[in-house]
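[1] only the shape, not the letters, is given here:
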């Protein structure tokens, strides 16, 4: 097992460095090709492009990861929805409308 890690660890490090270099270079080239001519923004250096790549990873996350589609969230919600009664579903819809900022029509509100 140790011999396996002896080869995998350096390959992983080289892969990370190579991905970072290629990603940074790609961001650099695209930025410097498009944005200065379109919007008059300054050109980036390689290290600024690496910083942009890192910032996008922090803000948007899941680059190469499973993300929302790959998660089991959708399946779990479908299971919960199927197990609800029609009254529970309507109560859930009503609650979500109120949370999401949609106005609830006066006909739907019940007087206490």
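    Received, thanks. Computed from a predicted model, the values in this text were never measured in an experiment. Residues are numbered from 1 along each chain as shown.
[2] from now on I want contacts and neighbour counts done on CA atoms only, so please keep to that.
    Noted.
[3] helix, strand or coil: sort out residue 42 for me.
    For residue 42, the assignment made with DSSP: H, G, I helix; E, B strand; the rest coil gives coil.
[4] could you shift the numbering so residue one becomes 38, and keep it that way?
    Happy to do that; since the first residue is 38 now, the last one works out to residue 79.
[5] and it, what does it touch?
    Shown in contact with residue 79 (C-alpha atoms under 8 Å, 6 or more residues apart in numbering): 72, 73.
[6] so for it, what's the pLDDT?
    For residue 79, the pLDDT comes out at 93.
[7] same thing with residue 116?
    pLDDT, read off for residue 116, is 89.
[8] measure it to residue 127 for me?
    Residue 116 is 16 Å from residue 127, where distance means C-alpha to C-alpha, to the nearest Å.
[9] show me where this structure has its strands.
    Counting by DSSP state E, the chain has no strands at all.
[10] other SSEs contacting the lengthiest helix in the chain?
    Secondary structure of the chain per DSSP state H: the longest helix is helix 39-76. When contacts are defined as 3 or more C-alpha pairs under 8 Å, 6 or more residues apart in numbering; DSSP states H and E, helix 39-76 sits against helix 83-97.
[11] for the helix it packs on, give me every contacting residue.
    Contact partners of helix 83-97, identified using C-alpha under 8 Å, 6+ apart, comprise 57, 58, 60, 61, 62, 64, 65, 100.
[12] residues of that helix that come out buried?
    Across helix 83-97, burial judged by 16 or more other C-alpha atoms under 10 Å covers 83, 86, 87, 89, 90, 91.
[13] how deep is residue 42 tucked in, by neighbour count?
    Neighbours of residue 42 under the rule other C-alpha atoms under 10 Å: 10.
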